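**Student:** Pasted the sequence and its predicted model underneath.
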Amino acid sequence: MISIFKSKKDDKTLKDYFEILQTIPMEVAAFDPEGKFIFVNEYYFTNGIPSKEFIGKDNEYYFYRLGIDPNAISDRKKYFNLALKQKRLIHFTEKLFFPDKNRTYYYKRIYKPIIDPKTKRVTAVFLFGSNLTHVILSQKELKYLAYHDKLTGLRNRDAFYEQLEQLVRETTRNKNNISAVLFIDFDNFKIINDSLGHDYGDIVLREATKRMLHGLRKTDLVFRLGGDEFTVILKNLKRELDAGNVAEKLIYLLSKPYHIKEETISSMTASIGIALIPRDGLDRDTIVKNADMAMYDVKKTGKGGYRYYASEMTENSIKRLQIINQLRDVIEHKDFDNQFNMVYQPIISMNGKANNYKIIGIEALIRWNNPLLGAVPPAIFIPIAEESKLIQSFNQWIIQRSINEFKQIEPYHRNGFYLSLNVSPRGLHSEDFSRNLQNAMLRNQLNPKSLQVEITETSLLDDDPAIKKNLTALSGMGIQLAIDDFGTGYASLSYLQRIPAQTIKIDRSYISRLNIDEKDQDMVRAILAMGRSLNKNLIAEGVETTDHLHFLEENSCKQFQGYLFSKPLPLDNLIHLISEHNMELTLP
Ligand code: C2E
Ligand code: MG
Ligand code: MG
């Protein structure tokens, strides 16, 4: 009660305090030992209510009058009692929530008990407070920025790792919890960015984010690791199967067309790898590695799908690593001549007469014999060399060796005979590819007309300016272009028209199934008809039997390659074959 001070000797001193503290620019109040306000300075927050009103009332009243969430009262009381009992300064922080305004204020507070020197009893307790709301909010903002991605507003890589570590800790305690990590990577996103510009790319990423958030539960967490890489954490799954269902839904949502300004983008799909926790790992790095590996596996086998991590992937990736290491070794020690050689498969054309064929060219195919791994087929190591960006170093060797050997056959062949080189997508990406080829031709005095470059259909898909530039340069030099493995990629008809290729090579897989599957017969007929109407030269790859040949001949296909005529041969054997038959072949 206020009256108790009036009778005291030090009454004046306390009043003096009040006078000084009245205009100090921070919140100051004083309480009697029962917790009733005896003083409230002009900075003490009362939300416009005259401070007089609080004199003689307690904190409960203050909270009630200002509409503050009463949760914070207990701390206020607790520290007040502590100051009273221990007769010392008490620091504490306070978070006051105002439900009406939906705002939170943060304070740093001090209780300072005033002790009567004679009786040693606490006569009053001061409360000082400074408003830290700005500081705290900017710290929160900093934390927000540190853990969020600016473009999409999603949590970022650091936040992902932190969440994953927490999840691992939870799962270690309770192994019955099933969770999943989804690694999501967009397919063809780079094309959008490169062809339409980053503005479009950004819009696609934001729209994709919206779709993902829309398709997921509130408890699922989405993160953007960077670029077009996202992750999702699914907690408390009922069944392992559910992760796949979520992945499927996400793929569906992400693959729907994106309408941006006047453009419609319908080529976006997503590849998703799934690692389950605890099944596929119980530490952060293993889980991340395994989900990434599963995602990578989807990319490798056609994109636009999802896959669960499986332990064979580790075995495969070990083999991959060995191949990469051995390829690096070859490059480092310039050991190409020892480990690599080229073989040549004749390309055959009908000669007008029955059972009479001529060799019109050869396709150069690389062979690798490694001391550690033995013979590794190009279908295995070329894609790996591509992905690990080692292919450029081989291209140079392949070009030189093939052209050099081709010159050695010159005395035996007729006009129009040509060398066909395979070039992989990344090779075509390299700026100096066409220059290297030109230099090699000049050095060997090779007529560009006797050179053909085979580009796999899938590489055409990468509608990228560097590839286009190389293709234009090649046809400018008079080099022939062929689309290899036609039917396995997704080249559209308009693409076929845009690429200056004279020749289409029908993929071996269609030919090998000709006598098994009628659909493949229809497919081959269709490709032949389309090729003819586009005025393309057509070669059937992988002709192994006379049945294949008859079907093709019946459908007016005139050029072939395959074991029926000849396997790929080393230079000497090829020269033998050519000179013996004077470039002609008859089937037994
Ligand atoms: P590709 O360019 O389509 O080459 C044709 C493949 O089919 C060759 O396999 C050839 O040996 C095989 N083949 C030819 N006729 C028959 C047949 O009647 N039956 C069967 N079953 N197979 C036949 P290879 O040499 O293993 O090459 C595989 C792929 O590796 C090539 O497919 C090509 O994409 C790539 N490749 C090979 N050499 C090179 C190279 O020097 N550079 C690049 N970039 N890629 C290469
Ligand atoms: Mg080829
Ligand atoms: Mg092919």
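**Tutor:** Cool, the structure landed. Ligands and ions are numbered 1, 2, ... in the order given.

**Student:** Which other helices and strands does the longest helix anywhere in the chain contact?
**Tutor:** Longest helix of the chain, by residue count under DSSP state H: helix 312-332. Judged by 3 or more C-beta pairs under 8 Å, 6 or more residues apart in numbering; DSSP states H and E, helix 312-332 is in contact with helix 284-300, helix 378-387. Backbone N, C-alpha and C define where each C-beta goes, glycine included.

**Student:** how does it look with 6 Å?
**Tutor:** helix 378-387 (3 or more C-beta pairs under 6 Å, 6 or more residues apart in numbering; DSSP states H and E).

**Student:** Is the helix it packs on positioned near ligand 2?
**Tutor:** No - Helix 378-387 lies out of reach of ligand 2 by C-beta under 5 Å from the ion, never closer than 9.7 Å.

**Student:** For that helix, the averaged confidence score.
**Tutor:** Here helix 378-387 scores 89 as its mean pLDDT.

**Student:** cool, and stretch 534-546?
**Tutor:** Stretch 534-546 comes out at a mean pLDDT of 95.

**Student:** got the contact list for it?
**Tutor:** With contact meaning C-beta atoms under 6 Å, 6 or more residues apart in numbering, stretch 534-546 is reached by 502-506, 508, 511-512, 528, 531, 549, 552, 557, 559-564.

**Student:** per-domain residue ranges of this protein.
**Tutor:** Using automatic domain parsing, the domain ranges for the chain come out as 2-138, 148-311, 340-366+391-586.

**Student:** Adding distance to ligand 3 and mean neighbour count as columns, could you present these in CSV?
**Tutor:** Listed next are the domains of the chain as CSV, based on distance: least, C-beta to the ion, whole Å; neighbours: other C-beta atoms under 10 Å:
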stretch, distance to ligand 3, mean neighbour count
domain 2-138, 61, 15
domain 148-311, 17, 17
domain 340-366+391-586, 4, 18
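
**Student:** closest to residue 322 out of the ones you listed?
**Tutor:** The minimum distance between residue 322 and these falls on domain 148-311, with 15.9 Å, by C-beta to C-beta.

**Student:** Straight-line length of that closest one, end to end?
**Tutor:** By C-alpha to C-alpha, to the nearest Å, the extent of domain 148-311 from end to end equals 33 Å.

**Student:** about what we covered before: quick one: contacts of the helix or strand just after the longest helix of the chain?
**Tutor:** The C-terminal neighbour of helix 312-332 among helices and strands, as given by DSSP states H and E, is helix 336-339. By C-beta under 6 Å, 6+ apart, the residues outside helix 336-339 that reach it are 330, 369, 370, 397.

**Student:** In contact with residue 407, which residues?
**Tutor:** So residue 407 contacts residue 444 (C-beta under 6 Å, 6+ apart).

**Student:** For this protein, which residues are neighbours of ligand 2?
**Tutor:** Neighbours of ligand 2 within the chain, by C-beta under 5 Å from the ion: 422, 454, 484.

**Student:** which stretches of the stretch 1-150 of the chain form strands?
**Tutor:** Under the criterion DSSP state E, counting those that start in this stretch, the stretch 1-150 of the chain carries strands at the ranges 27-31, 37-40, 90-98, 103-115, 122-131.

**Student:** can those go into TSV with extra columns for mean pLDDT?
**Tutor:** Below are these laid out as TSV (pLDDT from 0 to 100):
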stretch	mean pLDDT
strand 27-31	96
strand 37-40	96
strand 90-98	93
strand 103-115	93
strand 122-131	94
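
**Student:** Residue 274 is nearest to which of these?
**Tutor:** Nearest of the strands of the stretch 1-150 of the chain to residue 274, taken as C-beta to C-beta: strand 103-115 at 38.9 Å.

**Student:** CA-only coordinates of that closest one in PDB, if you can.
**Tutor:** Extracted as PDB, the C-alpha positions of strand 103-115 are listed here (Å, rounded to 0.1, in the frame of the first residue of the first chain):
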ATOM      1  CA  ARG A 103       1.900  -8.700 -32.100                       C
ATOM      2  CA  THR A 104       4.700  -9.800 -29.800                       C
ATOM      3  CA  TYR A 105       6.900  -7.500 -27.900                       C
ATOM      4  CA  TYR A 106      10.200  -8.500 -26.400                       C
ATOM      5  CA  TYR A 107      11.700  -6.900 -23.200                       C
ATOM      6  CA  LYS A 108      14.800  -7.100 -21.200                       C
ATOM      7  CA  ARG A 109      13.800  -6.500 -17.500                       C
ATOM      8  CA  ILE A 110      15.400  -6.000 -14.200                       C
ATOM      9  CA  TYR A 111      13.800  -6.200 -10.700                       C
ATOM     10  CA  LYS A 112      15.800  -4.100  -8.200                       C
ATOM     11  CA  PRO A 113      14.700  -4.500  -4.600                       C
ATOM     12  CA  ILE A 114      15.100  -1.400  -2.300                       C
ATOM     13  CA  ILE A 115      16.300  -2.400   1.200                       C
END
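
**Student:** Give me the contacts around that strand.
**Tutor:** With C-beta under 6 Å, 6+ apart as the test, strand 103-115 has contacts from 79, 83, 87, 89-97, 122-133, 136.

**Student:** Repeat the analysis, applying 8 Å as the threshold.
**Tutor:** 14, 17, 27, 79-80, 82-84, 87-98, 121-133, 135-137 (C-beta atoms under 8 Å, 6 or more residues apart in numbering).

**Student:** If you compare the directions of it and strand 122-131, what angle comes out?
**Tutor:** With axes from the mean of the first three to the mean of the last three C-alpha atoms, to 10 degrees as the basis, strand 103-115 and strand 122-131 are set at 150 degrees to each other.

**Student:** Centre of the chain to strand 103-115, how far?
**Tutor:** Strand 103-115 sits 50 Å away from the centroid of its parent chain (C-alpha atoms, centre = their mean, to the nearest Å).

**Student:** strand partners of it, parallel vs antiparallel please.
**Tutor:** strand 90-98 (antiparallel), strand 122-131 (antiparallel) (DSSP bridges).

**Student:** low-scoring pLDDT stretches of the stretch 101-250 of the chain, where are they?
**Tutor:** Of all residues in the stretch 101-250 of the chain, none has pLDDT under 70.

**Student:** Strands of the stretch 401-550 of the chain, start to end?
**Tutor:** Here the stretch 401-550 of the chain has its strands, by DSSP E, counting those that start in this stretch, at 418-423, 451-456, 480-486, 503-506, 537-540.

**Student:** pLDDT at residue 458, what is it?
**Tutor:** Looking at residue 458, its pLDDT reads 67.

**Student:** same deal with residue 464?
**Tutor:** Per-residue pLDDT puts residue 464 at 71.

**Student:** just residue 515 next, same as before
**Tutor:** 83.

**Student:** That one: what's its closest spatial neighbour, skipping adjacent residues?
**Tutor:** residue 547 (5.2 Å; C-beta to C-beta, 6 or more residues apart in numbering).
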